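Colleague: no letters, just coordinates:
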């Protein structure tokens, strides 16, 4: 049985869709389940904000028969961005497992959503710093940071394989 390589347009769309689904999951945990993200959690979302639009643009460009070289290098760029996301997820998971120390910004917190009205009243309320070294949720022993690393690795692999096909 011969292995069919993934088409570049499908790879770009699949990677963007995976990242969008993961970002929606993070927002669900934050806004519906009320798990407040730590500074590292917010940092892990940054590559998503680049990867999702890039993946969608590449998918549209490839579906419309765009220049294969542009699609190829765009997919390599997408894989690189997603690899950065993997690194951020692995770093945060390591901080949670106490394998290494997290940044000092994880010890001191600021309110993530201070009311716009009366700032003095908001400053009087106690602020709970969200520590980066405590996983708020785990499934099968893997935290959200770990799942971010796994999902990003899968999306990066898809983008890389799509680039090789282009």
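Modeller: Alright, I've got the coordinates. Quick caveat: nothing in here was measured; it's all calculated off a predicted structure. Residues are numbered from 1 along each chain as shown.

Colleague: could you list the low-pLDDT ranges of the protein?
Modeller: Low-confidence regions of the chain, defined by pLDDT under 70, span residues 1-5, 107-129, 137-138.

Colleague: grab the longest helix from it for me.
Modeller: For the chain, the longest helix by residue count, based on DSSP state H, is helix 68-96.

Colleague: pull the distance from it to the chain's centre.
Modeller: In this view, helix 68-96 has its centroid 9 Å away from the chain centroid, taken as CA atoms, centre = their mean, to the nearest Å.

Colleague: output the contacting helices and strands for it.
Modeller: Contact analysis of helix 68-96 by 3 or more CB pairs under 8 Å, 6 or more residues apart in numbering; DSSP states H and E lists helix 8-27, helix 39-63, strand 142-143, helix 144-165 as its packing neighbours. Bear in mind the C-beta positions are built from the backbone N, C-alpha and C, glycine included.

Colleague: got the angle between the second one and helix 8-27?
Modeller: Which is helix 39-63. Relative orientation of helix 39-63 with respect to helix 8-27: 150 degrees, computed using axes from the mean of the first three to the mean of the last three CA atoms, to 10 degrees.

Colleague: what angle do helix 39-63 and helix 144-165 make?
Modeller: Here helix 39-63 runs at an angle of 20 degrees relative to helix 144-165 (the same axes, to 10 degrees).

Colleague: ok, the first one next?
Modeller: Here helix 8-27 runs at 170 degrees with respect to helix 144-165, directions being taken by the same axes, to 10 degrees.

Colleague: list the buried residues of helix 8-27.
Modeller: The neighbour-count criterion (16 or more other CB atoms under 10 Å) identifies 8-9, 11-19, 22-23, 26 as the buried residues of helix 8-27.

Colleague: ok, residues contacting it?
Modeller: 6, 37, 41, 45, 48, 51-56, 58-59, 62-63, 68, 71-72, 74-75, 78, 82, 85, 144, 147-148, 151-152, 154-156, 158-159, 161-163, 165-166 (CB atoms under 8 Å, 6 or more residues apart in numbering).
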